[in-house]
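Colleague: I would like the atomic coordinates for the input below:
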Amino acid sequence: MVSSSPSLLLPLGSAYGKSLSANQQVTLSNVRAQGLIVRCSSCKTRKYSNGLNLFKRRDVMGLLFGAPSILFNSPDANGAGLPPEEKPKLCDDACEKELENIPMVTTESGLQYKDIRVGEGPSPPVGFQVAANYVAMIPSGQIFDSSLEKGQPYIFRVGSGQVIKGLDEGILSMKVGGKRRLYIPGPLAFPKGLTSAPGRPRVAPSSPVVFDVSLEYIPGLELEE
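Modeller: Numbering: from 1, shown residues only. As a prediction, this is how the structure comes out:
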């Protein structure tokens, strides 16, 4: 067990300090370690006739501050101080500017959308599978989910309740090759909300969300010529 002394640093002029030579006293006070095994390749241990191991003060200070310095100098910690990595988007800065001039469409359910690009393929029939890429955001623009980060489109059966109501409705009126921004009101979004993943914003219950969606293809349905 470690000694119950209130301080690990022995004051200058103590009995242990007096037993050292003059040159050794210049190294300032020493630290008494009883029954404590310290493994450190850079620490120099001196053993005296009284059987106690004494560490130079600078060695102990290295032990005290060495571990935190390893943590602070780790790549992850350094990365924490850097700007966040840019996440892939379906609508870049130029697209955002264009959106300002695109008229908003509002449906009877309260869903709103803007067509970034109108597709030239067919619209998906209800119950068909569709492959779509999406970037899901809270109204501030923070991304909470994205198929782009997963590296593949999300495939689901449209109009069958497999996704939130606003996404179902928004994709049903799209054409293959199209890209759209959906402004989904709370009642058509996540009634129970979504818990936040590490580094992601939380989605409150029945709060509005924004989806950028691109309809990639409809499995089994040939493109119209």
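Colleague: helices of the protein, start to end?
Modeller: 15-18, 22-25, 57-72, 75-80, 93-99, 165-172 (DSSP state H).
Colleague: all strands in the chain, in order from the N-terminus.
Modeller: Per DSSP state E, the chain carries strands over the ranges 31-33, 45-47, 53-55, 105-106, 112-117, 129-137, 143-146, 154-157, 179-184, 209-217.
Colleague: least confident of those strands, on average?
Modeller: Mean pLDDT is lowest for strand 31-33 out of the strands of the chain, coming in at a mean of 39.
Colleague: any idea how far Tyr217 is from the closest residue to Lys165 other than its chain neighbours?
Modeller: Among residues not flanking Lys165 along the chain, Leu188 sits closest, at 4.3 Å (C-beta to C-beta, 6 or more residues apart in numbering). For every residue, glycine as well, the C-beta is placed using N, CA and C. To Tyr217, Leu188 is 25 Å away according to C-beta to C-beta, to the nearest Å.
Colleague: who has more neighbours, these two?
Modeller: Legend: neighbour count by other C-beta atoms under 10 Å for Leu188 and Tyr217, higher for Leu188 (23 against 17).
Colleague: I'd guessed that one sits against Val163; true?
Modeller: No - using C-beta atoms under 8 Å, Leu188 is not in contact with Val163, being 10.7 Å away.
Colleague: any idea which of the strands of the chain gets closest to Leu90?
Modeller: strand 209-217 (4.0 Å; C-beta to C-beta).
Colleague: ok so, going back, select, out of the strands of the chain, the one closest to Pro201.
Modeller: strand 143-146 (5.3 Å).
Colleague: what residues does that closest one touch?
Modeller: By C-beta atoms under 8 Å, 6 or more residues apart in numbering, the residues outside strand 143-146 that reach it are 87-88, 134-138, 194, 196-197, 200-203, 209.
Colleague: and it, what's buried?
Modeller: Judged by neighbour count (16 or more other C-beta atoms under 10 Å), strand 143-146 contains these buried residues: 143-146.
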